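A.B. asks: The following comprises the amino acid sequence and a computationally predicted model.
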Amino acid sequence: MTASPHADLERLALCTSAVAESERSLLCVLDREGRILFANQAWRQGVGKGGPNPGLADVGGNYLEECARAAKDDVTAVESYLRVQDVLAGRLREFSLDYPCRIGEKTAWFQMSVRRAQGPLAAAVVRHSDITASKLLEAASERESHYDRLTGLPNETYFREMLISMGRDCPERFQGMAIFHVGIDDYDMLVHGYGRAAARAVEVAVSQRLKNLDQKKVALGALTRGEFLVALHCDSCLPETHSMAHRLRALTAPPVPFGGFNVYMRTSVGVALMGPQVVDEIAVERGLQAAEMALLAARRGTGSSARIYDDAMAESHRRMAAHHAIARKALDRKEFVLYFQPIVGGSSRFPVAFETLLRRRLEDGSVESMQEVFGDLERSSTIIEIDQWVIENVCRQWVSWRQEHGSRWPVATISVNVSAFHFQQAEFLTWLRATLDRMGMPPQSLALEITERAYVDDESAFVRSIRGVAGMGVSLWVDDFGTGYSSLQTLRRGFASMLKMDRAMAAPETYDRRTKAMIAAVVSLARGLGVGTIGEGVETPEQAEELDRLGCDLQQGFLHARPMAAADIESWLLAMADKRPAQDAPSAGVSGATRAS
């Protein structure tokens with residue numbers, strides 16, 4: 001006996017209903033005209049008053065006609081109407097689409113799926129499934145992949161996509177685009193000085209201030225460690241760029257309240273200009289690299305400034321990369337050697353201290369200075385490793401000299417140039433104390449030389465490290481004093497025990513009346529503060545005599561002795577020691593003006 005069409009429909013309905021009820025989906029069966037032959041309970045509840053889909057037709061109604069009516073105001077309904085027609089006519093096997101639906105005050109998401117049915121009456125099965133949870137998860141995942149979790153700003157990946165979109169949609173009247181790389185200076189000091197929670201609060205505050213910019217013309221992005229990106233459409237690029245750079249620095253200048261006190265910061269800005277060329281992945285990458293180079297250039301200057309990228313910065317960046325590779329290779333291959341230059345008493349001309357200088361031994365046996373290389377490593381982890389190597393080996397050499405020669409060893413102090421970057425590291429004091437103890441080096445015999453430009457305000461981690469070093473008994477010398485980065489507050493606090501006047505102040509070609517007056521003023525200031533003075537770069541007897549006349553305590557330069565390797569300076573120094581007057585015998589160390597002569 002042949003089954004009736006209605007029996008086929010009943011079996012189909014029972015089957016689809018069981019699946020639909022288990023999934024809580026809204027399900028119906030259509031005939032070839034689009035009429036609803038069967039609907040499950042969820043469908044009937046959904047089309048009722050207050051249901052999630054009140055626009056859907058009930059059993060006996062025409063689903064296709066309902067889609068046609070909705071298509072007048074809804075693009076999604078237009079697509080569903082056309083695709084349902086295709087399935088009913090046998091031109092399409094199945095299709096699905098996602099659509100939003102307003103339920104009360106909330107928006108839900110549904111997935112509509114239509115597939116062809118086999119049977120004399122049934123032509124298609126329609127299912128509407130609630131996918132709100134998966135949509136929310138998808139949105140959260142997309143936000144996670146596109147936005148910075150801390151600040152809520154687009155991350156670097158999404159910012160790149162936004163720049164490409166800005167370039168593609170850029171009106172013809174725009175001349176181009178400017179990319180600003182904004183960075184909080186000395187972010188590590190911020191973390192170590194105030195704590196990570198305060199640093200995060202500063203990042204959030206800066207991001208909120210950036211959001212006050214005109215969002216119609218700018219795109220914002222967040223990087224890590226206190227750095228941000230801003231892209232600006234330009235009508236007249238250069239004037240607008242200068243104006244925006246000034247505004248960015250003004251926005252980030254005010255302190256951020258945190259934990260009952262104000263957190264102060266400085267920011268630098270690097271700028272890259274992009275002309276009206278095609279903006280694609282390559283152009284965006286070059287623009288971002290250029291903005292980052294400009295930021296590095298701004299920070300290598302006085303900091304808290306803005307710089308626009310030029311070709312010289314690219315050359316500087318390549319030079320820095322080459323210097324970093326040279327230093328890394330020399331450190332790994334143990335090519336570094338220590339040289340020492342005597343520092344002599346102003347009147348006696350006998351050595352009272354050494355300055356340690358680092359040299360690199362080349363394959364042919366010659367040595368070269370690393371001064372230019374180190375200038376490009378000031379804020380890198382490599383300079384930390386190199387300075388630690390120098391301090392450890394200086395201590396080892398110094399202890400060896402004192403153990404071998406005892407009281408015949410005439411010099412009590414040895415100085416080492418160190419990067420200010422050390423003093424921004426929380427572990428520096430612990431490392432230094434442990435190294436001196438392990439090597440058996442008396443703290444008062446070691447002096448650390450730091451350039452003037454290294455000093456910052458009293459609240460910084462840097463100054464706390466300086467205070468800790470001084471409290472340990474290690475001397476602190478200000479190197480290159482007079483180069484234009486003076487910090488009289490540092491001298492007033494009493495951390496420094498010696499000023500080394502920059503060699504440019506004593507150079508023969510600049511040794512005029514004004515220079516002599518400056519030297520006399522520095523000497524007078526140092527004496528008033530109980531600080532010693534060293535004149536560097538002394539090459540002629542006339543220079544030495546003039547420094548004596550002006551009251552400079554100690555001298556250093558080729559006139560007195562060139563830098564020498566450890567073995568050479570040992571024999572030279574012991575020969576000098578036999579001629580040393582009694583009043584020049586070393587005390588515990590060269591720590592100030594009272595031990596200068």
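C.D. replies: Now that the structure is in, tell me what you want to look at.

A.B. asks: And for Val416, the neighbour number?
C.D. replies: The tally of other residues near Val416 (other CB atoms under 10 Å) stands at 22. Every C-beta, even on glycine, is put in place using the N, C-alpha and C of the backbone.

A.B. asks: So it belongs to a strand, correct?
C.D. replies: Yes. Counting by DSSP: H, G, I helix; E, B strand; the rest coil, Val416 is part of a strand.

A.B. asks: Can you give the contact residues for stretch 271-289?
C.D. replies: By CB atoms under 8 Å, 6 or more residues apart in numbering, the residues outside stretch 271-289 that reach it are 160, 163-164, 166-168, 170, 174-181, 229, 234, 237-238, 241, 245, 290-291, 294, 306-309.

A.B. asks: Mind giving me the ChimeraX select for those residues, buried ones only?
C.D. replies: Here is the ChimeraX command that selects the buried residues among those (16 or more other CB atoms under 10 Å):
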select :160,163,166,167,170,174,175,176,177,178,179,180,181,229,234,237,241,245,290,291,294,306,307,308,309
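
A.B. asks: Next step: the contacts of stretch 271-289 restricted to strands.
C.D. replies: When the contacts of stretch 271-289 are checked against strands (DSSP state E), the matches are 176-181, 229, 234, 306-308.

A.B. asks: and which of those is nearest Ala517?
C.D. replies: Nearest to Ala517 among these, counting by CB to CB, is Arg307 at 34.8 Å.

A.B. asks: Pull the number of nearby residues for the nearest residue to the closest one once chain neighbours are set aside.
C.D. replies: Spatial nearest neighbour of Arg307, chain neighbours left out: Ala298 (4.2 Å); criterion: CB to CB, 6 or more residues apart in numbering. Neighbour count for Ala298, taken as other CB under 10 Å: 25.

A.B. asks: Ala298 and Phe421: what is the separation?
C.D. replies: 17 Å (CB to CB, to the nearest Å).

A.B. asks: again, but for Ala245
C.D. replies: Using CB to CB, one obtains 26 Å as the distance from Ala245 to Phe421.

A.B. asks: From what I see, Ala447 and Ala496 are in contact.
C.D. replies: No. With contacts counted by CB atoms under 8 Å, Ala447 stays clear of Ala496, the gap being 10.2 Å.

A.B. asks: Can you pull the residues that touch both of the two?
C.D. replies: Common neighbours of Ala447 and Ala496 (CB under 8 Å, 6+ apart) are 476-477.

A.B. asks: any idea which helix is longest in the protein?
C.D. replies: Identified as the longest helix of the chain according to DSSP state H is helix 381-405.

A.B. asks: Wasn't Val29 part of a helix?
C.D. replies: No. Judged by three-state DSSP, Val29 forms no part of a helix; its state is strand.

A.B. asks: count of residues packed around it?
C.D. replies: For Val29, using other CB under 10 Å, the count is 25.

A.B. asks: Can you tell me the closest non-neighbouring residue to it?
C.D. replies: Per CB to CB, 6+ apart, closest to Val29 is Phe38, 4.3 Å.

A.B. asks: Let me know whether my guess that that neighbour is in a helix holds.
C.D. replies: No. Using three-state DSSP, the assignment for Phe38 is strand, not a helix.
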